[in-house]
Each structure stands twice: as structure tokens, then as C-alpha cells.
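Sequence plus the predicted model coming up.
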Amino acid sequence: MSTLAPELAQPQAGALPSADALDRALRTASPAEVIAAALETVGREKLALVSSFGTESAALLKVMADVDPSIPVVFLDTGWLFEETLAYRDTLIEALGLTDVRSIKPDEQALAQQDPDRELWFNDPDACCRIRKVEPLARALKPFAGWINGRKRFQGGTRADIPVVEDDGVRLKFNPFANVSREEIEAIYALAKLPPHPLVASGYQSVGCMPCSSRSAAGEDARAGRWRGRAKTECGIHTMKMS
């Protein structure tokens, strides 16, 4: 059954509903309803879920798989990921029956020109994120009219006020976990018996690239270990419009 009003479920030919209209319609929807609405709005071939296969990723992937496991999943293999993350990706693909996971990498020529010594993360982390995350994702998303991500308001910072649906340049951006609590995430893991990321047991509450991820102490914010000691809190894929 459609979760959208008729005027949203059947927009004018060639046109998508506005992000504001979708956000109003889905403001109190469950994560599964948001994903189903995204699928209905843009179609499977035009919708992608972007996942880091990090410490909380399995919950969103599980919800998506219950809606449609063939929705394309885009995974950024930056060249700096933990081996445990790559192994976790493969574990979840099998456990959840995901059928279209696309691992994308940075442009080799850009790396050779801008980061030949693999030290850019230390000197200019924003530039490192740009060539290893933002630019590859922008290329990967070109065929899609909408994308899904796992940001949550409880993560704070620039994420504290995210809508359920937002405009992201030429496509719609769906945040089905915007309203969920940490306890609800934990409940999804428990009910589905989802395996944790291997590094959680070592004290990592949030895992990204190796040079920019560290363990979090008890009581620290979950993302405190990311870019520790720097003012940086986001890689850029959620703070820049994707063209």
C-alpha cells in the first residue's frame, strides 16, 4: 500500500515531487515506510542506498533488504578503509541477501596527482575526503534520481535537524533514520541478530578511514573518534550538494 498521497505517488510525467512535500508526507513515517516511498517515488533503477558498512550500517541495510534487497547499494572503497570493514561488507551482503552492492573507488589519476605519497589526510583532510569520497560518490550517483543514507538526528552537530527528505541538487535525498533513537537501532540489531562491525569490540563506536578513526572512551559521543583533534566533523558528502 502506498504511503504517499495520490498527488505525490503519481506526479506529473517526468517530474518528481518536491523534497518539502515528501518531507511533510513522511515526517512521522517509519524507516521502512520512507524507503518504500522512495522506491515508489523514483523507481528501483533510479534509487540507491549509500552505505559505509560502518558500526551502525547493518540496521539500515536490514530495513532496506526487508523492503527490497535489490535496491542498488553504493559503497565507497576509499583506499584507506580497515580490512575489517571490507570483510564486514561481504558478511552483510551474504547475511541480508543484498543483490546489487557496488564498490566504487577514487579516480587513480586524481590520487596520483593530488595524493602521491598518501599523506593528504594529514595535511589537508578536507581535500583527502574530496578526492576519496565526495568526487567518487558524485560520479556514482549520476544515474540516480534519489539516494538513501543512514544519518540520524541523535548524532548531533550538523545532523541534529536533518529532515526525512531533502533536496540534494539534482536528486532527492532520503534520511529514513532521521527520527530513530539509538535504542531503536540497537533493537533492530537484536531482533534481526545482526552481526556487529568487528571493530566495535575494540572500542570503535564510529568507523571510517583508518587515519581518521580512533577509539571512543566511555561516555564520549559516538562520533568523537572521527577526525579527533580537528574541527572537522563531516567528510563532505552530506554537507555539499551532489551535482
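Alright, I've got the coordinates.

In contact with Gly150: list those residues for me.
Gly150 is in contact with 51, 56-57, 59-60, 176-177, counting by Cβ atoms under 8 Å, 6 or more residues apart in numbering. Every residue, glycine included, has its C-beta placed from N, CA and C.

10 Å instead, please
31, 49-52, 54, 56-61, 63-64, 175-178, 180, 185 (Cβ atoms under 10 Å, 6 or more residues apart in numbering).

same check, this time on Leu47
Shown in contact with Leu47 (Cβ under 10 Å, 6+ apart): 35, 38-41, 64, 68, 71-72, 144-148, 171-172, 174.

Which members of those residues are classed as buried?
Buried subset of those (neighbour count, 16 or more other Cβ atoms under 10 Å): 35, 38-41, 64, 71-72, 144-148, 171-172, 174.

ok, the residues you listed vs Leu199, which is closest?
Among those, Met64 lies closest to Leu199 (Cβ to Cβ), at 22.5 Å.

which residue is nearest the centroid of this protein?
Asn149 (3.4 Å; Cα atoms, centre = their mean).

Not including adjacent chain positions, what is the nearest residue to that one?
The shortest distance from Asn149 to any non-neighbouring residue, by Cβ to Cβ, 6 or more residues apart in numbering, is to Val50 (5.3 Å).

Kindly state the pLDDT recorded for the one you found?
On pLDDT, Val50 comes in at 96.

Can you tell me how far it is from Gly157?
The gap separating Val50 from Gly157 is 19 Å, by Cβ to Cβ, to the nearest Å.

Looking at these two, which has the bigger crowd around it?
Taking neighbours as other Cβ atoms under 10 Å, Val50 and Gly157 compare with Val50 leading, 23 against 9.

what are the bridge partners for the more buried one, then?
Per DSSP bridges, residues listed as beta-bridge partners of Val50: Val74.

so it makes contact with Leu137?
Yes - between Val50 and Leu137 there is a contact at 6.7 Å, judged by Cβ atoms under 10 Å.

Val34: what's it in contact with?
Going by Cβ under 10 Å, 6+ apart, Val34 touches 3, 22, 25-27, 63, 67, 148, 164-165, 174-179.

That one in helix, strand or coil?
helix (DSSP: H, G, I helix; E, B strand; the rest coil).

How about Glu84: what's its closest non-neighbour residue?
Nearest non-adjacent residue to Glu84, counting by Cβ to Cβ, 6+ apart: Pro198, 4.1 Å away.

thought that neighbour was touching Phe82?
Yes - with contact defined as Cβ under 10 Å, Pro198 reaches Phe82; the gap is 8.3 Å.

what sits in contact with each of the two?
By Cβ under 10 Å, 6+ apart, the residues touching both Pro198 and Phe82 are 88, 204, 207.

out of those, who's nearest Thr99?
Closest to Thr99, out of all of the shared contacts of Pro198 and Phe82 and judged by Cβ to Cβ, is Tyr88, at 17.9 Å.

Count the neighbours of Ser202 for me.
Neighbours of Ser202 (other Cβ under 10 Å): 10.

Now do the contacts for it.
Applying Cβ under 10 Å, 6+ apart to Ser202 gives the contacts 84, 215.
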